[in-house]
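K.L.:
got a predicted model here, sequence first, then my questions.
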Amino acid sequence: MSPLSHVDGPAGRIAYRRRGDGDPLVLLHPLALSGAVWEPVVDLLANRYDVIAPDARGHGASGWDGAPFDVGDMADDLIALLDGLGLPQVHLLGMSMGGSVAIDAAGRHPDRVRTLGLADTTAWYGDDAVPAWNERADRVLATSRADQVPFQVDRWFTERFRRERTDEVQRVVTIFVGTGSEAHAHACRALGAMDGRALLDRITAPTLAFAGEEDYATPPEMGRAVADGVARGRAMTLPALRHLSMIEAPRLAELAAAHIEGRPLPDPAALQTVTGAVR
């Protein structure tokens with residue numbers, strides 16, 4: 001695993017992993033996980049990019065002052081990280097919650113983002129988002145971390161992957177169980193309150209939104225709505241994948257790289273094995 005470093009942020013230190021050489025590429029992780037979840041993807045990207053994978057506030061090794069926060073605050077943490085590292089502009093790739101944060105950052109700071117990749121994410125969870133996510137936050141606080149695992153794993157990965165790649169499923173579960181419930185709950189409330197639709201037309205970076213066809217947390221139509229709102233946006237549906245598409249199929253890193261480099265996009269099915277896993 002890549003070593004951890006830190007910079008100061010608005011709510012405490014921001015932990016990040018950094019590996020590779022080339023243009024800087026920042027990876028933003030999903031809810032209740034950490035930058036460590038990206039390791040299989042980093043393995044495939046660090047030979048061509050300077051890959052930076054931070055931990056969101058209260059997640060992983062990043063600090064948090066305990067105050068409520070919203071998606072905009074997490075985007076501010078990203079900008080603080082870029083400032084702390086002396087990076088005026090980066091390629092940005094976010095998955096799930098990380099994608100929502102990336103949308104906010106790219107909409108409010110378009111000059112800082114060269115290209116934008118959005119995996120299994122959304123700018124808005126819908127009219128019932130606030131009560132639905134508040135209820136989920138309450139469940140997070142009322143339920144042990146271990147007892148939350150079956151719900152999470154079913155959302156994250158296809159049944160076949162769960163059966164055949166128990167090692168990788170357990171790696172992600174370990175990150176999830178190690179995440180504090182208070183930070184998890186506050187991040188749930190942040191996602192429920194989020195409405196980034198007004199930011200989409202401010203995004204100037206070429207944008208690719210993609211989602212697993214079996215993703216019922218952020219279905220492909222949510223990604224299409226984001227791409228439709230961005231001037232240089234396009235969307236793609238990934239066959240036979242669920243919510244953590246790039247973890248189940250790390251070779252989708254090649255899809256992200258093609259987007260970054262302005263090359264024709266590969267067929268995503270060719271980047272997956274028959275199980276959706278990449279050995």
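P.N.:
Perfect, I can see it now.
K.L.:
need the phi and psi values for the residue positioned nearest the centre of the chain.
P.N.:
Nearest to the geometric centre of the chain sits residue 95, at 2.3 Å (Cα atoms, centre = their mean). Main-chain torsions, residue 95, degrees, to the nearest 10: phi -120, psi 130.
K.L.:
got it, and residue 16?
P.N.:
phi -150, psi 160.
K.L.:
same question for residue 54.
P.N.:
phi -80, psi 160.
K.L.:
next, count neighbours for it.
P.N.:
Neighbours of residue 54 under the rule other Cβ atoms under 10 Å: 33. Glycine gets a C-beta too; all of them are placed from N, C-alpha and C.
K.L.:
and it, what does it touch?
P.N.:
By Cβ atoms under 8 Å, 6 or more residues apart in numbering, residue 54 lies in contact with 14-17, 26, 28, 35, 62, 77-78, 81.
K.L.:
just the ones of these in helices?
P.N.:
Among the contacts of residue 54, the members found in helices (DSSP state H) are 77-78, 81.
K.L.:
pick out whichever of the residues you listed sits closest to residue 221.
P.N.:
Relative to residue 221, the closest of these is residue 78; by Cβ to Cβ it sits at 26.2 Å.
K.L.:
return the residue of the protein that is most distant from the centre.
P.N.:
No residue in the chain sits farther from the centre than residue 142, which is 25.2 Å out by Cα atoms, centre = their mean.
K.L.:
just the pLDDT at that one, thanks.
P.N.:
The model reports residue 142 with a pLDDT of 98.
K.L.:
so residue 7 belongs to a strand, correct?
P.N.:
Yes: under the criterion used here (DSSP: H, G, I helix; E, B strand; the rest coil), residue 7 sits inside a strand.
K.L.:
pLDDT score for the spatially closest residue to it that is not a sequence neighbour?
P.N.:
Of all residues beyond its chain neighbours, the one nearest residue 7 is residue 84 (3.2 Å), with distances taken as Cβ to Cβ, 6 or more residues apart in numbering. Listed pLDDT for residue 84 reads 98.
K.L.:
please state the offset of whichever strand or helix holds residue 84 from the chain centre?
P.N.:
Assigned by DSSP states H and E, residue 84 belongs to helix 71-85. Helix 71-85 sits 15 Å away from the centroid of its parent chain (Cα atoms, centre = their mean, to the nearest Å).
K.L.:
report all helices and strands that it contacts.
P.N.:
strand 4-9, strand 12-19, strand 23-28, strand 49-54, helix 97-108, helix 181-193 (3 or more Cβ pairs under 8 Å, 6 or more residues apart in numbering; DSSP states H and E).
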